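**Q** missing the sequence, but the structure's below:
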């Protein structure tokens, strides 16, 4: 019933949820019925597990055995409340640096970003509950183990999380190819949260509107965009450079 971080079948899924393990994804078959379904729904509500109804064909591709219309992925990392992460940074006396990912759906990009974030001293990675690459064993492997130590917060409402960070004194900065200000012309030494968006659509407008600054990486070649993990690394290490220079 288990294959690495995948669990299937109604009873096993109920038990793994009740065990307190972090559930990264829960797929329920569309039109699912059964006498254990009310108990499953109760446990999902009680433990606030994110779930999604999907066609049976998707479940069949994931599991060849009898999945009973229920499959979940157990996260290899433990998600942490944003309040705890921020309080920990302030108590340490360090200047907060958080990285927020908006709809970054490729596992390899997520892993590479986490690796750069860990190297740059990011205090916490923030991902949305829905519309993000799963933090799976593959993501941990791609991150060279960084996701095993980098604190991660999974937000069920990024707008609320952004407002909380902003009200806590952090400057919110988004990267966008449409910005007029270059990243190296922006002061990045204070308490900071950086938002990076998907390669296809960038950072959502609703988040851009909450930002204190929007920056770009100037490109001079024939290709009009960078891989999001590369762009993230460039901006993060500009933060590192500016903060080091500020201490000299």
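**A** Yes, it's here. For clarity, every value in this text was computed on a predicted model and none was experimentally measured.
**Q** Could you list the low-confidence segments of this structure?
**A** Counting by pLDDT under 70, the chain contains low-confidence residues at 1-4.
**Q** and it, what are its domains?
**A** Following automatic domain parsing, one gets these domains for the chain: 2-74, 82-246.
**Q** which residue lies farthest from the center of the chain?
**A** What lies farthest from the middle of the chain is residue 35; by C-alpha atoms, centre = their mean that is 34.8 Å.
**Q** what about the helices in this protein?
**A** Under the criterion DSSP state H, the chain carries helices at the ranges 10-18, 37-46, 56-62, 82-92, 107-119, 137-142, 158-167, 205-208, 228-246.
**Q** Of those, which is nearest residue 185?
**A** helix 228-246 (10.2 Å; C-beta to C-beta). The C-beta positions use only the backbone N, C-alpha and C, and glycine is treated the same way.
**Q** how many other residues sit next to residue 88?
**A** Per other C-beta atoms under 10 Å, the neighbour tally for residue 88 reads 15.
**Q** Just name the most buried of the helices of the chain.
**A** Of all the helices of the chain, helix 107-119 has the most neighbours on average by mean count of other C-beta atoms under 10 Å, namely a mean of 22.
**Q** Reformat the helices of the chain as JSON lines; add distance to residue 177.
**A** What follows is the helices of the chain, written out as JSON lines (distance: least, C-beta to C-beta, whole Å):
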{"stretch": "helix 10-18", "distance to residue 177": "41"}
{"stretch": "helix 37-46", "distance to residue 177": "39"}
{"stretch": "helix 56-62", "distance to residue 177": "33"}
{"stretch": "helix 82-92", "distance to residue 177": "28"}
{"stretch": "helix 107-119", "distance to residue 177": "17"}
{"stretch": "helix 137-142", "distance to residue 177": "25"}
{"stretch": "helix 158-167", "distance to residue 177": "20"}
{"stretch": "helix 205-208", "distance to residue 177": "12"}
{"stretch": "helix 228-246", "distance to residue 177": "9"}
